[in-house]
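S.K.: A predicted structure for the sequence below; I have some questions about it.
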Amino acid sequence: MSEDLDVFKKYVTDLKNAKVKDKQTGQWVNKNQWALNKNDDWFNNLYQKNKLTKLPFDGVHITINKHGLSYDYIAYKNRLLLAYPETKLSFSEVYNGDDFQFSNNSDGVEFKHKIANPFNRDIKNIIGVYCVIKNKRGEFLTLMDKDEIVKHKMIAKTQTIWKQWELEMIYKTVIKKATRIHYEDVYSAMNEEDNKENDLEQLGDKKVDKIVQIKELIKKHKIDELEFLKFFNVSSVSALSYDNQDKAIEAIINKYEKESK
């Protein structure tokens, strides 16, 4: 029996046996009633799904909730390191007053983050978050502003987790976005399961996916990406705001597809 299977079985047993005192009656009741309603096949299926990620189940960075498997930002980082051990990954939140500068050009991604006050890091003052990935596959910068963070928080079915671990969930969100755009093949097994935690319909037109669409259009029409993006005052497709994603697609279609007809 593999070591992580032992960990998995103990985790499931503890999940089912966990007790909490009822505030009204004072009686000890099962903390995870949903777990008692799941049969062995449901849990066994989760174990097999996690094996596809090549990450050992640890019950810490990979856990289980009523929706299925859940991966934190450390698990997403570890999966990338497993596929590309040489990876350099940098990510952080940016607060109001910080100086954050970046460039994304043919020489790669360069950035500078100067913290205004390291002792005044209130989450409510976060204005955005960034993730920089560098490995043999390339160098990639992904940005998320405050509005996008809030939108992802709103679609989460696990609001309790966001309330208790908001900063960790922000890290996970930006790393997940970065890897979804640039390493979707590596994360297909993880994302399929982890996305069950989110009500994706609340994203409306699912603007996150348009980043991939824009990159495909740029490649299809052999557009000079850096020159095209100067119009939007950004240096990478992943830095485009939701509104500018729509404008970028419209501009490409109008110039390159309608003119060719």
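M.R.: Cool, the structure landed.
S.K.: what's the spacing between K19 and Q33?
M.R.: K19 sits 11 Å away from Q33, taking CB to CB, to the nearest Å as the criterion. Quick note: C-beta positions are derived from backbone N, CA and C, even for glycine.
S.K.: next one: K136
M.R.: Separation of K136 from Q33 (CB to CB) stands at 47 Å.
S.K.: cool, S241 as well?
M.R.: Taken as CB to CB, the span from S241 to Q33 is 42 Å.
S.K.: of those two, who's got more company?
M.R.: The residue with the greater number of neighbours, taking S241 and Q33 and applying other CB atoms under 10 Å, is S241; the counts read 16 against 10.
S.K.: what is the burial count for the closest residue to that one other than its chain neighbours?
M.R.: Once flanking residues are discounted, S241 sits nearest to D145: 6.9 Å by CB to CB, 6 or more residues apart in numbering. A count of nearby residues for D145, using other CB under 10 Å, gives 15.
S.K.: the one 5 residues further on too?
M.R.: V150 has 9 neighbouring residues, counting by other CB under 10 Å.
S.K.: what residues are up against the residue nearest the centre of the chain?
M.R.: Geometric centre of the chain, nearest residue: K176, 2.1 Å, by CA atoms, centre = their mean. K176 makes contacts with 73, 76, 187, 191, 194, as judged by CB atoms under 8 Å, 6 or more residues apart in numbering.
S.K.: pick the one among those closest to Q48.
M.R.: Set against Q48, the nearest of these by CB to CB is D194 (15.7 Å).
S.K.: which residues are contacting the top strand by length along the chain?
M.R.: Among the segments of the chain that qualify as a strand by DSSP state E, the longest is strand 126-135. For strand 126-135, contacts defined as CB under 8 Å, 6+ apart pick out 80, 84, 86-96, 98, 100, 102, 108-109, 111, 113, 139-146, 149, 170-171, 173-175, 177-179, 182.
S.K.: pull the CA atoms of whichever helix or strand comes after it into CSV?
M.R.: The helix or strand immediately downstream of strand 126-135 is strand 138-145, counting by DSSP states H and E. Extracted C-alpha coordinates of strand 138-145, given in CSV (Å, rounded to 0.1, in the frame of the first residue of the first chain):
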residue,chain,number,x,y,z
GLY,A,138,9.2,30.8,-21.4
GLU,A,139,8.8,33.8,-19.2
PHE,A,140,5.3,34.9,-18.3
LEU,A,141,3.7,37.7,-16.3
THR,A,142,0.1,37.5,-15.1
LEU,A,143,-1.7,40.4,-13.4
MET,A,144,-5.0,40.7,-11.6
ASP,A,145,-6.5,43.9,-10.3
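S.K.: now strand 138-145 and strand 126-135, what's the angle there?
M.R.: 170 degrees (axes from the mean of the first three to the mean of the last three CA atoms, to 10 degrees).
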